[in-house]
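Quick one: sequence and predicted model below, then my questions.
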Amino acid sequence: MKFAVIVFPGSNCDQDAYYAVTHVLGQQAEMVWHKDASLKGADVVILPGGFAHGDYLRTGAMARFSPIMNAVRSFAESGGPTLGICNGFQVLLEAGLLPGAMLRNRGLKFRCEHVHIRVEHTDTPFTLRCAPGQLLRIPIAHGEGNYYADPQTIASLEKNRQVIFRYTDAGGVVCDEANPNGSVASIAGICNERRNIVGLMPHPERACELSLGSTDGLVILESVVSALTAV
Amino acid sequence: MRARVFVTLKPSVFDPQGRTIAEALHSMGYGGVEDVRQGKYFELDLATTEAAQAKALASEVADKLLANPVIESYRIEIG
């Protein structure tokens, strides 16, 4: 199984994602430069965290037009498992592959800390191995993770069970105090209607080894391995 | 011909930066400033000399790149 990790100018979690996939999971991975046209036969695509194109204009606004995004779009729209982490999530939003947009964090602070997220649905390739309602302790690191969509879009996300992760307190309860950025409905991650494209603000690749303080992120990457192995 | 594009968050979208600026002004004694909305301003130098063409082109690039229609709206001035 081969992962493609897309590298934009300004990506800075690409090596973390590559390391987690190859060293921790023992899978193949290839770094794919944003000017490339091909995903090189990858079975899974990861859009990593960072500050693609310096976050100029809006987060993800420029990255959306990078040449590789044509291949990412075709892959994702044909059902290929695609994961956007943090800045990668922002790119997926700007590209219209996931609904909604990101605003500045409610408190204007760049939040860099471990948070708890609750797995709301397990029928995506990236949550398959999770238990419903499972709590994951995973770090966030973002200034613009305040997820916004209009009320109709939020209603449709809820109805279609597309809210995949929500910020909670350590007991798994959704509450305003545990919402680090002001996201509508404490949304930390969503999927598309087809459920193969998942975006989340927290960084699972930074929570894959005990020395990093948590291994809770591993299940997200292991899930997609199981999803593809089962086919 | 020059086009000026003003991009702002939609009225329904909370603007944390604008809110913070308003609070700073209040603490400076400018209670008369009731609210602030922060936005972005772009100057586009266009090859055309036709105002209608300029507006159409500016609208197109605003739709495609300068503004995100999910959260922002924009206004264009030509000339």
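All right, it came through fine.

need the residues of chain B near chain A, please.
B:9, B:12-14, B:16-17, B:20, B:40, B:65-66, B:68, B:70-71 (C-beta under 8 Å from any C-beta of the partner chain). The C-beta positions use only the backbone N, C-alpha and C, and glycine is treated the same way.

Looking at the residues you listed, which are in helices?
When helices are assigned by DSSP state H, the members of those inside them are B:16, B:17, B:20.

and of those, the nearest to residue B:52?
Checking these against residue B:52 by C-beta to C-beta gives residue B:17 as the nearest, at 34.5 Å.

I'd say that closest one and residue A:107 touch.
No: with contact defined as C-beta atoms under 8 Å, residue B:17 and residue A:107 do not form a contacting pair (11.2 Å).

Quick check: which ranges of the chain have low pLDDT?
Because you didn't say which chain, this covers chain A. Within chain A, the stretches with pLDDT under 70 are A:231.

The intended chain is chain B.
When residues are selected by pLDDT under 70, none of them lie in chain B.

What residue, apart from its backbone neighbours, is nearest the residue of chain A at minimum distance from chain B spatially?
Using C-beta to the nearest C-beta, residue A:101 is the residue of chain A that sits closest to chain B, at 3.9 Å. For residue A:101, the nearest residue in space outside its immediate sequence neighbours is residue B:70; the separation is 3.9 Å by C-beta to C-beta, 6 or more residues apart in numbering or on different chains.

Quickly note the distance from the one you found to residue A:96.
Residue B:70 sits 9 Å away from residue A:96 when distances are taken as C-beta to C-beta, to the nearest Å.

higher neighbour count, these two?
residue B:70 (19 against 11; other C-beta atoms under 10 Å in any protein chain shown).

How much space separates that one from residue A:215?
Computed with C-beta to C-beta, the distance linking residue B:70 and residue A:215 is 35 Å.

and whichever residue of chain B sits closest to chain A, what does it touch?
Closest contact between chain B and chain A, by C-beta to the nearest C-beta, is at residue B:70 (3.9 Å). Listed by C-beta atoms under 8 Å, 6 or more residues apart in numbering or on different chains, the contact set of residue B:70 reads A:93, A:99, A:100, A:101, A:148, A:149, A:150.

Give me the neighbour count for the fourth one.
Other residues within reach of residue A:101, judged by other C-beta under 10 Å, total 24.

List the contacts of it.
Residue A:101 sits next to A:93, A:94, A:147, A:148, A:149, B:68, B:70, B:71 when contact means C-beta under 8 Å, 6+ apart.

residues near residue A:186, how many?
Close neighbours of residue A:186, defined as other C-beta under 10 Å, add up to 21.

ditto for residue A:123
Here the count is done by other C-beta under 10 Å, and residue A:123 has 11 residues near it.

Residue A:116 versus the residue lying closest to residue A:218 once chain neighbours are set aside, what's the distance?
Taking C-beta to C-beta, 6+ apart as the measure, residue A:218 lies nearest to residue A:208, with 4.7 Å between them; neighbours along the chain are not counted. Residue A:208 sits at a distance of 17 Å from residue A:116 (criterion: C-beta to C-beta).
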